[in-house]
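Asker: dropping a prediction and its sequence here:
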2 protein chains.
Amino acid sequence: MHIYDQKESRKLLERAKKVIPGSPLCPGGGMYGHYSVSVPARGNPIYFSKADGSRFWDVDGNEYIDYMCAYGPMILGYNHGTVDKAARQQYRKGNTVSLASPVMVELAEQLVDMVSIADWAFFAKNGADPTNLAVMVARAATGRKKILMFDGGYHGSSPWMQDPGSGGTIEEDTANVLKATWNDFEQIRKIVGENDGQIAGLISTPYHHPVVFDNEMPAPGFWKNIQDLCNRKGIVLILDDVRAGFRADLAGSNEYFGFKPDLACFGKALANGYPISALVGTDALRDAVSNVFFTGTQFFNAAPMAAALATLRELKRINAPKIMLERGWKVMGGIVDIAKGYGYDLRVSGLPSMPFLRITNQDPPVFSEGIAGLHSGLHSDWISECVQRGAYFLDYHNHFISTAHTDEDTQRTWDIADDAFKAVKKNYGDRF
Amino acid sequence: MHIYDQKESRKLLERAKKVIPGSPLCPGGGMYGHYSVSVPARGNPIYFSKADGSRFWDVDGNEYIDYMCAYGPMILGYNHGTVDKAARQQYRKGNTVSLASPVMVELAEQLVDMVSIADWAFFAKNGADPTNLAVMVARAATGRKKILMFDGGYHGSSPWMQDPGSGGTIEEDTANVLKATWNDFEQIRKIVGENDGQIAGLISTPYHHPVVFDNEMPAPGFWKNIQDLCNRKGIVLILDDVRAGFRADLAGSNEYFGFKPDLACFGKALANGYPISALVGTDALRDAVSNVFFTGTQFFNAAPMAAALATLRELKRINAPKIMLERGWKVMGGIVDIAKGYGYDLRVSGLPSMPFLRITNQDPPVFSEGIAGLHSGLHSDWISECVQRGAYFLDYHNHFISTAHTDEDTQRTWDIADDAFKAVKKNYGDRF
């Protein structure tokens, strides 16, 4: 199989290093934020030239089947006709104007109609906007300070969400944030007891999808127990559905897992790549959210709202979660079988439409030792071999399936995975 | 003159009230954030149907000369051919993809070339993203906690920025924020002395543009004194140029006022309405920003970057600040003269390209008493009469001039202002 090179990407990165800073995960500079994490990975492309359907092309002309979907936003495929047309039509009327657009009302009605717990909707831009707002709403509603979250959970890069001691944060940022272990309800009950009457909200993703580690589904009864406890103790239950939203159940991923939060945060896939996020909530919290002042210059952009409306209607029309869950099962199941043929145990965790991959033969994986270990070891090497053959996976993050991924993509991905296993087998031999 | 009505806007607002929350400034619901503040104002339209050049049309078909420019983003006119073409071309290639676009590097190079203090650029979405990041960078660089800002300054709606006690905030949010009075350097020197070695950064707009109150230019020597003090005390000087950026000087509004900050925040007008913001800074802070993890799903959208690049080039080509400053002088100067003819003293403050208006005859204006007083009294009534005749002003906020405002707009605005003064004179008579 042809092995890609990334000469143009690397050349452009050298230019970028002069004018764009790095991140703790990309100390060389040239890229920041979540897009910086894969930059040091061997054979990873850095800049795209075009994208279409389930695929993108890098600036070296290499073609990739995209299993990252822009880290979630792409759900119907790049350059989706219906969504792009809706956005273009709204752009012609106006996008950022001194008044709001009527499409804002239509979109709020659509979300209230579609999302089980939604009695109202508040629109913003990034995923961190609704999670930040949700925390404020929980505090406004309860008059309490503390927020309970799960260790390894990610709710945006705001200071309150980061690990104490992270660059640029101060102790006051996290002074009121409590952390529990996923699926350990007894521990949660204990924390709530020790902080009786002080916890404003519990924020969680619908299942545990940390980076680097295997993703975990909720244990039987876990969500029901949490919901009951929150109700009993007056704790606002906040669902962070920014990443998983619309890939499990269009009514909210809570419906897939059988519980009802008080607030739900959406973003990423909401408009198939147009920038918009949303906080939705129950009637009981309408006064609380109305007592919080929260805004942004770009919160009222009309074109992303039109794109979101078109995206939600299309997701519903085709019953998109079913397509993506089935596609994920099929493609990942096939790779697991191929892995077995080489003596590798590929563990797939999380939602089938958002699969996290890990070859367990080398356990713990090298990158469990932290940043220094990222992008090395058996699993990372296999991922790297896949990427260099045109299947865009990442070694540390869950993946995303879209409705645009085809049977042809699946077959091609299996061929690539096979050739990549062959390459690492040649290198590692019987060591793992 | 024909007096507009807003029947369709009000009908749509009733629908919105069911599915969209309100804000502390719009307790009736249906609109949140800064777009909610003008909703309770008499005769104010709420939803647009289209926009073009310097004008927008509301859903009732009324046409307005827009002096709010979407609260800043619109700087070259709505539906600007060059900018929209650049965005459309990038949309066809890809917007939100699993990799960054080469245009990100080009845009960073453009900002580094154009903005006097910029050695690097970091892109985000809303104005609050760079102000939040700037605070983190100042803390990372200095190992200190405290942030000094000016009373009445606005740097986004994040909890640290809000008044203590605001809905959803807790005391820890503002525990490390110190406030000084604009133009009172002696007070600043005193605060810095009392907090020696504890202040990480001083954040300020280039001149004082609070809401509700007259805007204030820096006193002679004020910025030089502040810059010297910050340099001497190792305090990171952060320019919040989100609102004023590109309406005073394309190299940064600090150049207009003659000082050099360490960091500068841009947003709003950066891409003529496409959502993007940026933090730029000096080489000395490159390591600090690279040690902060800060990101967002939508930070890498390529189409707004292409739009920003086209906007900056066009602003430079036409020397846009000069056009807007002159246009602002002319149109506002004319209104001041018309006001005199009716015995009214209209005070215009701030940059001519961002004029704040206040009729001083009723002093203090009723709305200085707080939210309850907003949108009533002589000044608000005159604004309302202007709006209902097709000049879109707001009573509590500075205005914005674009390069798309024409001589015809100016003449029409004068005619409207005149008729509006006539209307309030009829109502108030000699009371003021």
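Answerer: Perfect, thanks for sending it.
Asker: chain A: helices as residue ranges?
Answerer: In chain A, helices defined by DSSP state H lie at A:7-19, A:81-93, A:102-114, A:128-142, A:171-174, A:185-194, A:222-233, A:253-257, A:286-290, A:302-317, A:320-341, A:378-387, A:407-428, listed in chain order.
Asker: up against chain B, what does the stretch 251-400 of chain A have?
Answerer: Selection of the stretch 251-400 of chain A residues close to chain B by Cβ under 8 Å from any Cβ of the partner chain yields A:267-268, A:273-275, A:277, A:286, A:288-301, A:304, A:392. Using the backbone N, CA and C atoms, a C-beta is placed for each residue, glycine as well.
Asker: out of the helices of chain A, deepest packed?
Answerer: Ranked by mean neighbour count, the helices of chain A are led by helix A:128-142 with a mean of 27 (mean count of other Cβ atoms under 10 Å in any protein chain shown).
Asker: what helices or strands is that one leaning on?
Answerer: strand A:120-124, strand A:199-204, strand A:236-240, strand A:263-266, strand A:277-281, helix A:286-290 (3 or more Cβ pairs under 8 Å, 6 or more residues apart in numbering or on different chains; DSSP states H and E).
Asker: okay, the ones you listed in CSV with mean pLDDT next?
Answerer: Listed next are the helices and strands packed on helix A:128-142 as CSV, based on pLDDT from 0 to 100:
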stretch, mean pLDDT
strand A:120-124, 98
strand A:199-204, 98
strand A:236-240, 98
strand A:263-266, 98
strand A:277-281, 98
helix A:286-290, 98
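Asker: let's have those in JSON lines, adding distance to A:Tyr396.
Answerer: Formatted as JSON lines, those follow (distance: least, Cβ to Cβ, whole Å):
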{"stretch": "strand A:120-124", "distance to A:Tyr396": "27"}
{"stretch": "strand A:199-204", "distance to A:Tyr396": "21"}
{"stretch": "strand A:236-240", "distance to A:Tyr396": "19"}
{"stretch": "strand A:263-266", "distance to A:Tyr396": "23"}
{"stretch": "strand A:277-281", "distance to A:Tyr396": "23"}
{"stretch": "helix A:286-290", "distance to A:Tyr396": "35"}
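Asker: thinking again about what came up before, just send the helices of chain A back as a markdown table, with distance to A:Ile401 too.
Answerer: Converted to a markdown table, the helices of chain A look like this (distance: least, Cβ to Cβ, whole Å):
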| stretch | distance to A:Ile401 |
| --- | --- |
| helix A:7-19 | 25 |
| helix A:81-93 | 18 |
| helix A:102-114 | 21 |
| helix A:128-142 | 23 |
| helix A:171-174 | 34 |
| helix A:185-194 | 30 |
| helix A:222-233 | 23 |
| helix A:253-257 | 15 |
| helix A:286-290 | 33 |
| helix A:302-317 | 13 |
| helix A:320-341 | 4 |
| helix A:378-387 | 15 |
| helix A:407-428 | 10 |
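Asker: what residue ranges in the stretch 301-432 of chain A score low on pLDDT?
Answerer: Applying pLDDT under 70 to the stretch 301-432 of chain A flags residues A:366-372.
Asker: let's see it at 80
Answerer: A:363-373 (pLDDT under 80).
Asker: and the gap between the closest residue to A:Glu106 other than its chain neighbours and A:Ser402?
Answerer: Take A:Glu106 and drop its neighbours on the chain: the residue closest to it by Cβ to Cβ, 6 or more residues apart in numbering or on different chains is A:Leu309, 5.9 Å away. Separation of A:Leu309 from A:Ser402 (Cβ to Cβ, to the nearest Å) stands at 19 Å.
Asker: in this structure A:Gly29 contacts A:Lys17, no?
Answerer: Yes. The pair A:Gly29 and A:Lys17 qualifies as a contact (Cβ atoms under 8 Å) at a distance of 4.4 Å.
Asker: which residues touch A:Cys230?
Answerer: Applying Cβ atoms under 8 Å, 6 or more residues apart in numbering or on different chains to A:Cys230 gives the contacts A:Leu202, A:Val236, A:Leu237, A:Asp262.
Asker: chain B: which of the residues you listed is nearest?
Answerer: Among those, A:Val236 lies closest to chain B (Cβ to the nearest Cβ), at 11.4 Å.
Asker: phi, psi of the spatially most central residue of chain A?
Answerer: Centroid-nearest residue in chain A: A:Arg243, 3.1 Å away (criterion: Cα atoms, centre = their mean). Per-residue torsions, A:Arg243: phi -90, psi -40 (degrees, to the nearest 10).
Asker: now it, nearest residue through space, not along the chain?
Answerer: Per Cβ to Cβ, 6+ apart, closest to A:Arg243 is A:Gly72, 5.5 Å.
Asker: ok, the one you found touching B:Val97?
Answerer: No. A:Gly72 is beyond contact range of B:Val97, at 12.0 Å (criterion: Cβ under 8 Å).
Asker: contact partners of stretch A:304-311?
Answerer: By Cβ under 8 Å, 6+ apart, stretch A:304-311 touches A:75-76, A:80, A:82-87, A:89-90, A:101, A:103-104, A:106-107, A:110, A:123, A:269-276, B:275.
Asker: how much space separates the residue nearest to A:Glu106 from chain B?
Answerer: Applying Cβ to the nearest Cβ, to the nearest Å, the value for A:Leu309 to chain B is 13 Å.
Asker: gap between the two ends of stretch A:211-222?
Answerer: 21 Å (Cα to Cα, to the nearest Å).
Asker: ok, now stretch A:32-49?
Answerer: In terms of Cα to Cα, the two terminal residues of stretch A:32-49 are separated by 19 Å.
Asker: tally of neighbours for A:Ser157?
Answerer: Residues lying near A:Ser157 (other Cβ atoms under 10 Å in any protein chain shown) number 24.
Asker: which residues touch it?
Answerer: Contacts of A:Ser157 (Cβ under 8 Å, 6+ apart): A:Gly33, A:Ala128, B:Phe293, B:Phe294, B:Thr295, B:Gly296.
Asker: with A:Arg327 instead?
Answerer: A:Pro352, A:Ser353, A:Ile401, A:Thr403, A:His405, A:Thr410.
Asker: try it again at 10 Å.
Answerer: By Cβ atoms under 10 Å, 6 or more residues apart in numbering or on different chains, the contact set of A:Arg327 is A:Ser54, A:Pro352, A:Ser353, A:Ile401, A:Ser402, A:Thr403, A:Ala404, A:His405, A:Thr406, A:Asp407, A:Asp409, A:Thr410.
Asker: thought the last one was touching A:Tyr67?
Answerer: In other words, A:Thr410. No. With contact defined as Cβ atoms under 10 Å, A:Thr410 does not reach A:Tyr67; the gap is 11.1 Å.
Asker: between those two, which contacts overlap?
Answerer: A:Val331, A:Met332.
Asker: break chain A into its domains for me.
Answerer: A:7-71+A:320-428, A:81-317 (automatic domain parsing).
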